[in-house]
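Participant: the following block contains a protein sequence and its predicted model.
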Amino acid sequence: MTNFIEELRWRGMLHDMIPGLEDQLAKEMTVAYIGFDPTAPSLHIGNLAAIMLLKHFQLAGHKPIALVGGATGMIGDPSGKSAERDFLSEDTLRANQVGIQAQLEKFLEFHGGANSAELVNNYDWFKEFSFLGFLREAGKFLTVNYMMSKDSVKKRLETGISFTEFSYQLLQGYDFYHLYKTKNVRLQMGGSDQWGNITTGTEIIRRKEGHDEDATERAAFALTTPLVTKADGTKFGKSESGNVWLDPSRTSPFAFYQFWLNVDDQGVEDYLKIYTMLGQEEITKIMSAFNEKPEERLAQKTLAHEVTSIVHGQERATSVQRISEVLFGNISY
């Protein structure tokens, strides 16, 4: 077991958190969740940092829950978007959920005892709500002023935001409340762009449960990680051809390996910390050797092999590594 917050700090994976979280994690096994949007039948490496966050949480002795947003996926999160997304059909969303769930099971331990991971789908509780019922159950606990203060909404007011997307934070906030009541979830985690949506959930919980603002008993918490960027400051996670998917039928293991092999020198240490399970001492040694002979690209080779092993398995990672070396490394087999 590790100290979860300290693990995130040295890996550069901690952006913000609600005070009191460290005390909560030290006190008892805590349940936390992260939501995944089922807009495609596969997750991509943009989701991989969130998956690793859940993995570290479980290794620290806590219980992770992965929420597949079958209901919220019908709406679309406006965070970081300049225009409204197209709606997906229910059949498409269900098919996407099946693919995502199979992928998550590769990373998390679902049969490991008290802190076994769980998968939930918010469609399971939202499908029972009537419109009037949801307004009474959730809508009355937040003011429009509060909802409009969130960055995800403010940035879209200039171009226009529909009521559908405006309501997204209320739906995500209610997810947190539902899991708080039914699964004892005390923490929601996500990228830094999700801070507004996550704290909407903590506010709904506080108001519905009648907690004082400074109460710590049964408090709900938020934690976010920095958005991973490239050296030029743009969002990390895409190749020239688009998303780098975890599904081998959408991005081949060889192309997946090559993506990591070709990351820039400036970002490779950060990526080793975020996307691999290598420890601090190991990464320090790798970077020391890399800095002495950067032309040998030891850090990139280690990163490519480690991440490909995590996603596609050790055997396939070794295979594509050998193919890459034959093609580009003047090595023959």
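Facilitator: Good, I have the coordinates. Keep in mind that this is a model prediction, so the values were computed, not measured.
Participant: hey, where'd the strands end up in the stretch 101-250 of the chain?
Facilitator: All strands of the stretch 101-250 of the chain, identified by DSSP state E, counting those that start in this stretch, fall at 118-121, 185-191, 221-225, 238-239, 242-243.
Participant: any idea which of those is most buried?
Facilitator: Ranked by mean neighbour count under mean count of other CB atoms under 10 Å, the strands of the stretch 101-250 of the chain are led by strand 185-191, which reaches a mean of 25. Heads up, the C-betas are built off the backbone N, CA and C, glycines and all.
Participant: output the contacting helices and strands for that strand.
Facilitator: helix 21-27, strand 31-36, helix 45-59, helix 168-183, helix 195-209, strand 221-225 (3 or more CB pairs under 8 Å, 6 or more residues apart in numbering; DSSP states H and E).
Participant: residue ranges in the stretch 101-250 of the chain under the pLDDT threshold?
Facilitator: Within the stretch 101-250 of the chain, the stretches with pLDDT under 70 are 214-216.
Participant: possible to save the helices and strands packed on strand 185-191 as CSV with distance to Tyr123?
Facilitator: Shown next, in CSV, are those (distance: least, CB to CB, whole Å):
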stretch, distance to Tyr123
helix 21-27, 29
strand 31-36, 12
helix 45-59, 19
helix 168-183, 11
helix 195-209, 18
strand 221-225, 23
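Participant: among the strands of the stretch 101-250 of the chain, which is nearest Thr202?
Facilitator: Comparison of the strands of the stretch 101-250 of the chain against Thr202 by CB to CB identifies strand 221-225 as nearest, at 5.7 Å.
Participant: ok now the closest one, how far from the chain's centre?
Facilitator: Centroid separation between strand 221-225 and its chain, computed with CA atoms, centre = their mean, to the nearest Å, is 11 Å.
Participant: in its sheet, which strands sit next to that strand, and in what direction?
Facilitator: If you go by DSSP bridges, strand 221-225 pairs up with strand 16-17 (antiparallel), strand 185-191 (parallel).
Participant: contacts only, for the most centrally placed residue in the chain.
Facilitator: By CA atoms, centre = their mean, the chain has its centre lying nearest to Ala50, at 2.3 Å. Ala50 makes contact with 34, 36, 189-191, 225 under the criterion CB atoms under 8 Å, 6 or more residues apart in numbering.
Participant: could you dump the strands paired with strand 221-225 into TSV with distance to Gly112 added?
Facilitator: Below are the strands paired with strand 221-225 laid out as TSV (distance: least, CB to CB, whole Å):
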stretch	distance to Gly112
strand 16-17	25
strand 185-191	18
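Participant: right, and those strands - which one's nearest Ile65?
Facilitator: Among the strands paired with strand 221-225, strand 185-191 comes nearest to Ile65, with 6.4 Å by CB to CB.
Participant: and the contacts of the closest one?
Facilitator: So strand 185-191 is contacted by 21, 24, 30-35, 49-50, 53-54, 57, 65, 176, 179-180, 197-198, 201-202, 218-227 (CB under 8 Å, 6+ apart).
Participant: which members of those residues are classed as buried?
Facilitator: Buried residues within the contacts of strand 185-191, counting neighbours by 16 or more other CB atoms under 10 Å: 21, 24, 30-35, 49-50, 53-54, 57, 65, 176, 179-180, 197-198, 201-202, 219-225, 227.
Participant: what count of nearby residues applies to the nearest residue to Leu171 once chain neighbours are set aside?
Facilitator: Spatially, and ignoring its direct neighbours in sequence, Leu171 is nearest to Thr72 (5.2 Å; CB to CB, 6 or more residues apart in numbering). Neighbours of Thr72 under the rule other CB atoms under 10 Å: 23.
Participant: now do Thr72 against Asp247, distance only.
Facilitator: As judged by CB to CB, to the nearest Å, Thr72 and Asp247 stand 22 Å apart.
Participant: just Glu295 next, same as before
Facilitator: Counting by CB to CB, the gap from Glu295 to Asp247 is 34 Å.
Participant: the more surrounded of these two?
Facilitator: Applying other CB under 10 Å to Glu295 and Asp247 shows that Asp247 carries more neighbours, namely 17 against 6.
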